[in-house]
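Peer 1: coords please:
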Amino acid sequence: QVRLVESGGGSVQAGGSLRLSCAASGGPWPEYIMSWYRQAPGTEREFVSEIDSRHSTRYAESVEGRFTISRDNAEKRAYLQMNDLRTADTAMYFCKAVRYIGSKPLTYWGQGTQVTVSS
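Peer 2: Down below sits the predicted model:
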């Protein structure tokens, strides 16, 4: 069982920055693919960014060049550095951990941290 706890959300003005953190406990941490998703009111949860155990990354087009995902395997943490924030980035941000046993995914989610960007 893996427990994920997000932190670092808050309210900022457009153009500002925030750094989200996802602390993990339990599980064979380095094997987990760590992702960030977000969900604005009235919308579906959407993919933001992902980093695997080899630190390979990918991003949603909407955040490419502004957000940077990273991980610290010793600390069992994943981070999302968000720069040049826009009002459209306002959402609840969730951390997700996935590990595959064969073809079967084991998926865990955190409770989320709110990011609010004002103009």
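Peer 1: State the pLDDT value of the residue sitting furthest away from the middle of the chain.
Peer 2: No residue in the chain sits farther from the centre than residue 102, which is 24.5 Å out by Cα atoms, centre = their mean. Listed pLDDT for residue 102 reads 92.
Peer 1: distance of the residue nearest to the spatial centre of the chain from residue 67?
Peer 2: The C-alpha lying nearest the average C-alpha coordinate of the chain belongs to residue 36 (Cα atoms, centre = their mean; 2.4 Å). According to Cβ to Cβ, to the nearest Å, residue 36 stands 8 Å off from residue 67. For the C-beta atoms, the positions are set from N, CA and C on the backbone; glycine is no exception.
Peer 1: Just want the phi and psi numbers for residue 87.
Peer 2: phi -60, psi -30 (degrees, to the nearest 10).
Peer 1: Pull the contacting residues for it.
Peer 2: 14, 117-119 (Cβ atoms under 8 Å, 6 or more residues apart in numbering).
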